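Chemist: below are the sequence and a predicted model; questions follow.
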Amino acid sequence: MEALDIIGILLVLAAAFGYLNLKTFKLPTTIGIMLFGVIFSLALLALSPLFPNLPGQAKEFLESIDFNKTLMEGMLSYLLFAGALHVNLNNLKEQKFLVAILASFGVVFSTFAIGGSTYFILGWLGVKVDFIWCLLFGSLISPTDPVAVLGILKKAGAPKSLETKITGESLFNDGVGVVVYLVLIGMIPVAASHGHADDHHATEMTAGAIAKLFTIEAGGGILWGLLIGTIGFFSLKSINNYQIEILISLALVTAGYRAAYAMHLSGPLAMVVAGLMIGNQGRYLAMSDSTREHLDTFWELIDEILNAVLFLLIGIELLILDWTPTAIIFGLIAIPLTLVIRFIAAGIPVTILKRFRQFSPRVITILTWGGLRGGISIALALGLPKDPEFLEIRNLLLVATYIVVIFSISVQGLSLKKLIERSLTPKKA
């Protein structure tokens, strides 16, 4: 099937599900489209006795779409840039310590805490698995998804400080999470070929790989974002034509992200940094009012369209999963597990920083519940090795990831606004 055919089908489904959502549930657009995608998938499975070929054809269509490549090498660049474009840099600087700790310590702590817990849970379920796979699950499920978070926070009515904490963390921690994931996935052949390798040797490899990848990928990604952001800023400042200025921003994201990928730098971090520069210094020092209005409208539309397609894909990916009882049980256990670990990872830095500054009421609870998992987790899970010897554990982790993401977006996403409102309502005496 041609690429344009695939795009056409996805846009038709996204538009149809968005329309049905507005006419019926009236949920936030992205969540509504995702849930209709789930309903659509279940309906295809239910109709399989009447139309035996239907689920197979739908599955074949989905397998023709490389979700991991589509999101991680394409859509993510535009979504992160669009999200960072509207983050106030001054507000982010005020929350820099908490954001930095959550996006670094929080992700690493969560990776090992979830990974260790997963190892014991799977052992209890009778699944024999190398510890490295458990750490991989921890790394792909730990980062909160900026795409899932941003759209919901826009309508949640959160205080600016709280919104900045959640948004800032989610924009940066996926870059850190991807680096940790790449370190761990690179160790799978070593673990498989050497069996129970010497623990000291494995630790040395991990430390060296982490140091190298963080220095080159994360640090290089940030510097690359500063460079292309600076080039974009001066390009915008030197002209006053909104059509060309929008074209410059689009070229910056498309070529900048692909160049980062080619240089093995963190494209997600580069897009966040470039988006912050264009959205702050660029917005106030390099754009006319007309350009600012048109640029914002353009990137908001890009954001909405790509979000709709992404959440549609999350909903209909249900069709390609192998729903074994063990995978479902582990997925259901993983929901409270990830929430508890998230509570601890958010609670430690907030408790420490409370000695030096004030926080919004119930901030740890909101950070925990607002730490939504989304398409990035599914994309990373789909990127796990497909070697025949790994298929069973790969499928188990993929199903568990899907269950956590669906719960996170639907249950946590829909109730986050009420939680924030309740937290901000003064208690009666």
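Modeler: Nice, thanks for sending it over.
Chemist: contacts and neighbour counts: CA atoms only from here.
Modeler: Fine.
Chemist: any weak-confidence spans in the stretch 301-429 of the chain?
Modeler: 426-429 (pLDDT under 70).
Chemist: ok, 80 please
Modeler: The stretch 301-429 of the chain contains residues with pLDDT under 80 at 424-429.
Chemist: is Ala270 in a helix, a strand, or coil?
Modeler: Under the three-state scheme (DSSP: H, G, I helix; E, B strand; the rest coil), Ala270 adopts helix.
Chemist: so what's it up against?
Modeler: 221-226, 256-257, 260 (Cα atoms under 8 Å, 6 or more residues apart in numbering).
Chemist: let's see 6 Å
Modeler: By Cα atoms under 6 Å, 6 or more residues apart in numbering, Ala270 lies in contact with 221-222, 224-225.
Chemist: tell me how far it lies from Thr425.
Modeler: 38 Å (Cα to Cα, to the nearest Å).
Chemist: again with Pro159
Modeler: 12 Å.
Chemist: before we move on, what about Ala379?
Modeler: 38 Å.
Chemist: ok, now Asp303?
Modeler: 32 Å.
Chemist: with Lys59 instead?
Modeler: Distance from Lys59 to Thr425, by Cα to Cα: 47 Å.
Chemist: chain neighbours aside, what residue packs nearest to Tyr78?
Modeler: Val253 (6.6 Å; Cα to Cα, 6 or more residues apart in numbering).
Chemist: for the helix or strand hosting that neighbour, packing partners?
Modeler: Per DSSP states H and E, Val253 falls inside helix 242-262. The contact analysis (3 or more Cα pairs under 6 Å, 6 or more residues apart in numbering; DSSP states H and E) places helix 242-262 against no helix or strand.
Chemist: what about it, distance to the chain center?
Modeler: 21 Å (Cα atoms, centre = their mean, to the nearest Å).
Chemist: next, the buried residues of it.
Modeler: By 16 or more other Cα atoms under 10 Å, the buried positions in helix 242-262 come out as 242, 245-246, 248-250, 252-254, 256-258, 260-261.
Chemist: and for stretch 97-117?
Modeler: Buried residues in stretch 97-117 (16+ other Cα under 10 Å): 98-117.
Chemist: likewise stretch 52-68?
Modeler: So stretch 52-68, judged by 16+ other Cα under 10 Å, has buried residues 55-56, 58-59, 62, 67-68.
Chemist: now that stretch: mean pLDDT?
Modeler: Per-region confidence: stretch 52-68 scores 89 on mean pLDDT.
Chemist: for it, give me every contacting residue.
Modeler: 44, 320, 379, 383.
Chemist: any chance of CSV for these, columns secondary structure?
Modeler: Below are the contacts of stretch 52-68 laid out as CSV (three-state DSSP):
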residue, secondary structure
Leu44, helix
Ile320, helix
Ala379, helix
Gly383, coil
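Chemist: okay, the residue sitting nearest the centre point of the chain: pLDDT?
Modeler: For the chain, the residue nearest the mean C-alpha position is Asp145 (2.8 Å; Cα atoms, centre = their mean). Looking at Asp145, its pLDDT stands at 82.
Chemist: separation between it and Tyr402?
Modeler: 14 Å.
Chemist: and what of Leu310?
Modeler: For Leu310, the distance to Tyr402 (Cα to Cα) stands at 14 Å.
Chemist: where exactly do the helices run in the stretch 251-400 of the chain?
Modeler: Using DSSP state H, counting those that start in this stretch, the helices of the stretch 251-400 of the chain run over 267-277, 283-285, 289-316, 325-353, 363-369, 375-382, 391-407.
Chemist: just the ones you listed: most buried one?
Modeler: Mean neighbours per residue, mean count of other Cα atoms under 10 Å, is largest over the helices of the stretch 251-400 of the chain for helix 267-277, with a mean of 30.
Chemist: mind giving me the packing neighbours of whichever strand or helix holds Gly123?
Modeler: Per DSSP H and E: Gly123 is located in helix 107-124. With contacts taken as 3+ Cα pairs under 6 Å, 6+ apart, helix 107-124 sits against helix 131-141.
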